[in-house]
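Participant: dropping a prediction and its sequence here:
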Amino acid sequence: MLVEFVSLEIISWNLSGLDDCRKRKRVREIISIASLTIVKLQETKLESFDALQDIRDLRFKDYGSSCLL
């Protein structure tokens, strides 16, 4: 029986807001340096997903969101 192992690098990050462009730039730098398979950004508190476009463009094809009130 042949067993294959897959290595996953996952980060779950509570950002407490991401409207500041300097903070987005730093997050982008950290994500681009790390060799991550899955990135979960929590509490981004953004009014529009357009602000995350530069982070999504790194190499992540899919994204999703949800909001509970």
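Facilitator: Okay, I see it. Residues are numbered from 1 along each chain as shown.
Participant: show me where the chain has strands.
Facilitator: 10-14, 38-42 (DSSP state E).
Participant: would you format those strands as a markdown table with mean neighbour count included?
Facilitator: For the C-beta atoms, the positions are set from N, CA and C on the backbone; glycine is no exception. Below are these laid out as a markdown table (neighbours: other CB atoms under 10 Å):
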| stretch | mean neighbour count |
| --- | --- |
| strand 10-14 | 11 |
| strand 38-42 | 14 |
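Participant: of the ones you listed, which is nearest Asp20?
Facilitator: strand 38-42 (14.1 Å; CB to CB).
Participant: output the closest one as PDB, restricted to C-alpha atoms.
Facilitator: Extracted C-alpha coordinates of strand 38-42, given in PDB (Å, rounded to 0.1, in the frame of the first residue of the first chain):
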ATOM      1  CA  ILE A  38      -4.200  28.300   3.100                       C
ATOM      2  CA  VAL A  39      -4.600  31.800   4.500                       C
ATOM      3  CA  LYS A  40      -7.500  32.600   6.700                       C
ATOM      4  CA  LEU A  41      -7.900  36.400   7.500                       C
ATOM      5  CA  GLN A  42     -10.300  37.100  10.300                       C
END
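Participant: fine, thanks again, bye for now.
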